[in-house]
Each structure stands twice: as C-alpha cells, then as structure tokens.
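> Turn this into a structure:
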Amino acid sequence: MCGLHAAITPQPNCGLLQMTDVLELVEVWTLLNRQLSQTLRRIPASALQVPCRIGSDEPVTLAFLAQDYLSHLRRHLKQITERTTA
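The predicted structure is shown next:
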C-alpha cells in the first residue's frame, strides 16, 4: 500500500476522475453515507417489508437492502481503519 495520501490514477478510458488526495475521496464518501443514514432513519417501519427488485435478481425487502448495505459499509470502514492505523 502506498499510504493514505497516494494518488489514485484510473485506467485510461475508465470514466473515473483522477483523485490526487485519498482523504478528499474518503471525506466525500463519509458525507454521502451520512446522508444515506439520515434517509434510512426516516423509512417508516411499514415500508421495510416492501419487496424490491434489482435487475433480474429475486426480490428482497427494503429492510434486507438497508441491512446488506450497512454490512458492506462496515467492511469498508474496517479496511479504512486498518490501513490508516497500520
């Protein structure tokens, strides 16, 4: 690992913006997830069992999607923590 301040250079033609400061990327990611957290808190309990279909996958409940995303988020937070404290 090059360190937290290493430049991220995307592959040619991948459509991603070049980030020169990983801390800036983490800050944006943090803000987006805070906004999502506020949105999730406002979902009425009655809506949590609404079936959702993503693409051709089998339907899952909105509660499952929220919980699955939070699990995914925790894995990323663990990775960030491990890399910043190493």
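
> which regions of this protein lie under the pLDDT threshold?
1-21, 86 (pLDDT under 70).

> how does it look with 90?
Along the chain, the parts satisfying pLDDT under 90 run over 1-30, 54, 73, 76-86.

> With only the CA atoms kept, save stretch 64-79 in CSV.
The C-alpha trace of stretch 64-79 is given here as CSV (Å, rounded to 0.1, in the frame of the first residue of the first chain):
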residue,chain,number,x,y,z
PHE,A,64,-32.7,-6.5,3.7
LEU,A,65,-31.2,-4.0,1.2
ALA,A,66,-30.6,-1.5,4.0
GLN,A,67,-29.0,-4.1,6.3
ASP,A,68,-26.9,-5.5,3.4
TYR,A,69,-25.6,-2.1,2.6
LEU,A,70,-24.7,-1.4,6.2
SER,A,71,-22.8,-4.7,6.3
HIS,A,72,-21.0,-3.7,3.2
LEU,A,73,-20.2,-0.3,4.6
ARG,A,74,-18.8,-1.8,7.8
ARG,A,75,-16.4,-3.9,5.8
HIS,A,76,-15.1,-0.8,4.0
LEU,A,77,-14.8,1.1,7.3
LYS,A,78,-12.8,-1.8,8.7
GLN,A,79,-10.5,-1.6,5.6
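
> Contacts for that stretch, please.
Residues from elsewhere that reach stretch 64-79 (C-beta atoms under 8 Å, 6 or more residues apart in numbering): 33, 36, 40, 43, 48, 52, 54, 60. Where you see a C-beta, it was placed from the backbone N, CA and C, and this is true even at glycine.

> Look up which helix or strand the second one falls in, please.
With elements taken from DSSP states H and E, the one containing residue 36 is helix 22-41.

> So which residue of the protein lies furthest out from the middle?
In the chain, the residue that sits farthest from the middle, by C-alpha atoms, centre = their mean, is residue 46; the gap is 25.0 Å.
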